[in-house]
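K.L.:
predicted model, plus sequence, below.
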Amino acid sequence: MGADPDPIEEQHLGKYRIGRELGRGGFATVFAAEDTQLGRQVALKVLHPALMADPTFVQGFERDARAAAALEHPNIATIYELGQEGGRLFIAQQLLAGGTLGARIAQRSALPYPEAVRVTREIAAALDVAHAAGMVHRDVKPANILFNARDEAVLTDFGLVRAIEQSAVARSSAGGMVGTPAYMAPELWEDAPGGPEVDTYALGCVVFEMMTGQVLFAGATPPAVMRAHFSPRRFPERWPQGVPTEVRRVLERALDANPQARFASAGALAEALARAQPAAAPPTPQPPAPTRRRKSETDGAPRTRKGSRAKAPDDTADQAQTTRYQHRQTAVPTATREPEPPRDSKSTAGTIAGLPDWVPELVVVPAGPFLMGSSTNWWKPFNEYEMPQHTLVLPAYWIGRTEVTNAQFRPFVEGDGYTNQAYWTVDGWAWRVKRRVTQPSFWNDSQWNTPKQPVVGVTWYEAVAYCRWLSAQTGHPFRLPSEAEWEKAARGTDGRIWPWGNTWAKGRANTSEAGINRTTPVGQYPAGASPYGALDMAGNVYEWCATVWRKLYPYSVEDEWTTAYLKEKNENSFGTNRVYRGGSWNNDRTYARGGYRFYDLDVFTGSADNTHGLRVASSSSSS
């Protein structure tokens, strides 16, 4: 559709050297180009000249391009510049070399279920950020989803639809149709204003297409496509091999004709899809065997405050056991102890005297200064979140030696953790009741729920409730760490890049370089210990912090475990963005750095391939 664009004859557009054409649509042509001033490769979207004659379109396009440029998220294409040159309006944005989702589906016929879940999660995260900022995409489709060099899905073309809607010239060029018929929610066919629900609907259409290789709502003409959207017979009776039948129920809700009946957010759709796991899971890859210690290392194992040898966390209990843990109960099943991995000779670790073995083991981080943040631009365009590097002084505190395991989280699930409102924040309890949540996501999934694996699929709300529950059971003040506490525990005082030093070393962390492709039992990488003896602080699973995502550096120290702070909200209408740290098994070494910081909504559990857990902290070593 649209007017035939004039070709770009010249090899340059301002400072951009034009390369090959990447794509062409009714309103713009996209070229690979080089920013000759910065030496950066970009995707240059050049609008067709006919649209420049309409000042309404130009103003709307520029306004929405600026709004889209303010969206900062790894799954949203970064906009570098909006400009005009030689009578042409253009956008220079992130060049995504991995091709479109549409091309990938056409090449493979359909995507494997886990890959489709991953792509859904990544695009849903992008949409939730945009919706929180007041932006609706209105044209979510496989052609607008591209892949970066890390094979992460990235959403492009925010704001173009709204600019077209407000321009008579653009609407005429589009034949009166704004958007892509196969992915348009029913209310858009009736010219109703589209809110975030239309993007959730379109994402549901994309999910179906990824899993089946077929467009769900197809037709020879727009009216035929419209009739397909309103047809009650939408889904096949039998799904492709590897796609669980539960997906149908997820899509029925996502594609409900009533916008209010759909998922409350794109992230909620992604979570529901991730929970609809296939019945048969692939065998679990064997993690690396723990390093055997020499006798001298065993003899030098740290002691608890009472002088007895420190115990390993009791996370080998049989998950099938039916013991119910009641309020302040301390009895636990018998478990096999394993020798502790070696630690830095200066570290202090152990269980808290008199407490049950399912209480997470702690290591001490002494009082004093440390270097926080990064001096290197590691992660454009988000490097400013880590800069400037600065010195921060913290009092002494204790932090979990490992991430909280499934065995350590089980007493919370089987006790009164999900039924006692006293452990929850006000918003967290309302979320739990509304969603009828009684356990973490993936709690019953054999890929993620062995006793020694870190608990995954935990929202920030659940992480806070667990710490409060743990405090009530033990009489000891547990909490989530602040992100400053987490970073010092991971890096020590000297600003090292990874817990062990400034040189990446394979075999010291469960990241994508390890090739294991899922979480490993905690403590499997003793050579990756931090200076204080904390393990798995690089990779394995993202870890929630108490911190609200709003702090610029230099970091300000405050009490982040007060009722008032835990109730704080930022500008996100779908929840509050909270910091997570540490990277996951699905991330490369860049995300596993001690200085890496990012965020998710407090209601977000993650998905099976990119999920959240926790590590506890405390201001003291005993009650």
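P.N.:
Looks like it came in fine. Numbers count the residues shown, from 1 in each chain.

K.L.:
could you use CA atoms for every contact and neighbour count after this?
P.N.:
Will do.

K.L.:
please report how far the residue lying closest to residue 264 once chain neighbours are set aside lies from residue 504.
P.N.:
With sequence-adjacent residues excluded and distances taken as Cα to Cα, 6 or more residues apart in numbering, residue 264 is closest to residue 197, at 7.7 Å. Look at residue 197 and residue 504: by Cα to Cα, to the nearest Å, they are 43 Å apart.

K.L.:
for the strand or helix carrying the residue nearest to residue 264, packing partners?
P.N.:
Assigned by DSSP states H and E, residue 197 belongs to helix 196-212. With contacts defined as 3 or more Cα pairs under 8 Å, 6 or more residues apart in numbering; DSSP states H and E, the packing partners of helix 196-212 are helix 113-132, helix 246-254, helix 266-275.

K.L.:
quick one, the shortest one and helix 266-275 angle?
P.N.:
For helix 246-254 against helix 266-275, the angle between stretch directions is 160 degrees (axes from the mean of the first three to the mean of the last three Cα atoms, to 10 degrees).

K.L.:
which other residues reach helix 246-254?
P.N.:
For helix 246-254, the external contacting residues (Cα atoms under 8 Å, 6 or more residues apart in numbering) are 200-201, 204, 208, 235, 261-263, 269, 272-273, 276.

K.L.:
buried ones among these?
P.N.:
200-201, 204, 208, 262-263, 269, 272-273, 276 (16 or more other Cα atoms under 10 Å).

K.L.:
wait, which of the residues you listed is closest to residue 189?
P.N.:
Distance to residue 189 across the buried ones among the contacts of helix 246-254 (Cα to Cα) is lowest for residue 201, with 13.1 Å.

K.L.:
now do the contacts for that closest one.
P.N.:
183-185, 254-256, 262.

K.L.:
and what of residue 268?
P.N.:
residue 604.

K.L.:
from residue 184, how far off is it?
P.N.:
Taken as Cα to Cα, the span from residue 268 to residue 184 is 20 Å.

K.L.:
kindly report the same for residue 47.
P.N.:
Residue 47 is 23 Å from residue 184, by Cα to Cα.

K.L.:
and the two? which has more neighbours close in?
P.N.:
For residue 47 versus residue 184, neighbours defined as other Cα atoms under 10 Å are more numerous around residue 184 (25 against 21).

K.L.:
just give the nearest non-adjacent residue to the more buried one, would you?
P.N.:
residue 202 (6.4 Å).

K.L.:
for residue 548, same thing?
P.N.:
Excluding its sequence neighbours, the residue lying closest to residue 548 (Cα to Cα, 6+ apart) is residue 578, at 4.6 Å.

K.L.:
what sits against that neighbour?
P.N.:
With Cα under 8 Å, 6+ apart, residue 578 has these contacts: 460, 544-549, 599-602.

K.L.:
surely the residue nearest to residue 184 is in contact with residue 142?
P.N.:
No - between residue 202 and residue 142 there is no contact under Cα atoms under 8 Å: 9.9 Å.

K.L.:
need the overlap of contacts for the two.
P.N.:
Taking Cα under 8 Å, 6+ apart as the contact rule, residue 202 and residue 142 touch no residue in common.

K.L.:
and stretch 229-248, how far out from the chain's middle?
P.N.:
Put simply, stretch 229-248 sits 27 Å off its chain's centre (Cα atoms, centre = their mean, to the nearest Å).

K.L.:
confidence score at residue 368?
P.N.:
Note on residue 368: pLDDT of 94.

K.L.:
so what's the residue count around the residue nearest to it when sequence neighbours are not counted?
P.N.:
Distance criterion Cα to Cα, 6+ apart; nearest residue to residue 368, sequence neighbours excluded, is residue 393 at 5.2 Å. Using other Cα under 10 Å, residue 393 is surrounded by 15 other residues.

K.L.:
need the three-state assignment for residue 393.
P.N.:
Assigned by DSSP: H, G, I helix; E, B strand; the rest coil, the conformation of residue 393 is strand.

K.L.:
that one and residue 365 touch, don't they?
P.N.:
No - look at residue 393 against residue 365 with Cα under 8 Å: they stay out of range, at 11.9 Å.

K.L.:
okay, now the domains of the protein?
P.N.:
Following automatic domain parsing, the chain resolves into domains at 12-94, 101-275, 353-618.

K.L.:
once you drop chain neighbours, what's closest to residue 579?
P.N.:
Leaving aside its chain neighbours, residue 579 sits nearest to residue 599 (4.3 Å; criterion: Cα to Cα, 6+ apart).

K.L.:
confirm that that neighbour sits in a strand.
P.N.:
Yes - with three-state DSSP as the criterion, residue 599 is part of a strand.

K.L.:
how close does it get to residue 57?
P.N.:
Counting by Cα to Cα, the gap from residue 599 to residue 57 is 35 Å.

K.L.:
between those two, point out the one with more neighbours.
P.N.:
residue 57 (23 against 18).

K.L.:
hang on, that one in a helix?
P.N.:
Yes - in this structure, residue 57 lies within a helix as judged by three-state DSSP.

K.L.:
numbering from 506 from now on, please.
P.N.:
Renumbered: residue one is now 506, and that last one reads residue 562.

K.L.:
that one and residue 555 touch, don't they?
P.N.:
No - with contact defined as Cα under 8 Å, residue 562 and residue 555 do not form a contacting pair (10.6 Å).

K.L.:
that older thread, and the residue nearest to residue 769, what does it touch?
P.N.:
Residues counted as contacts of residue 702 (Cα under 8 Å, 6+ apart) are 764-765, 767-770.

K.L.:
now do residue 944
P.N.:
With contact taken as Cα under 8 Å, 6+ apart, residue 944 is in contact with 918, 923.

K.L.:
wait, a strand at it?
P.N.:
No - judged by three-state DSSP, residue 944 forms no part of a strand; its state is coil.

K.L.:
please tell me how far it sits from residue 780.
P.N.:
According to Cα to Cα, residue 944 stands 12 Å off from residue 780.

K.L.:
how about residue 612?
P.N.:
27 Å.

K.L.:
more neighbours, these two?
P.N.:
Set residue 612 next to residue 780 and count neighbours by other Cα under 10 Å: residue 780 wins out with 20 against 11.

K.L.:
pretty sure that one contacts residue 946?
P.N.:
Yes - counting by Cα under 8 Å, residue 780 does reach residue 946; the two are 6.8 Å apart.

K.L.:
please point out which parts of stretch 529-539 sit buried.
P.N.:
In stretch 529-539, the ones that count as buried by 16+ other Cα under 10 Å are 532-539.

K.L.:
got it, and stretch 976-994?
P.N.:
The neighbour-count check on stretch 976-994 (16+ other Cα under 10 Å) flags 976-979, 981-994 as buried.
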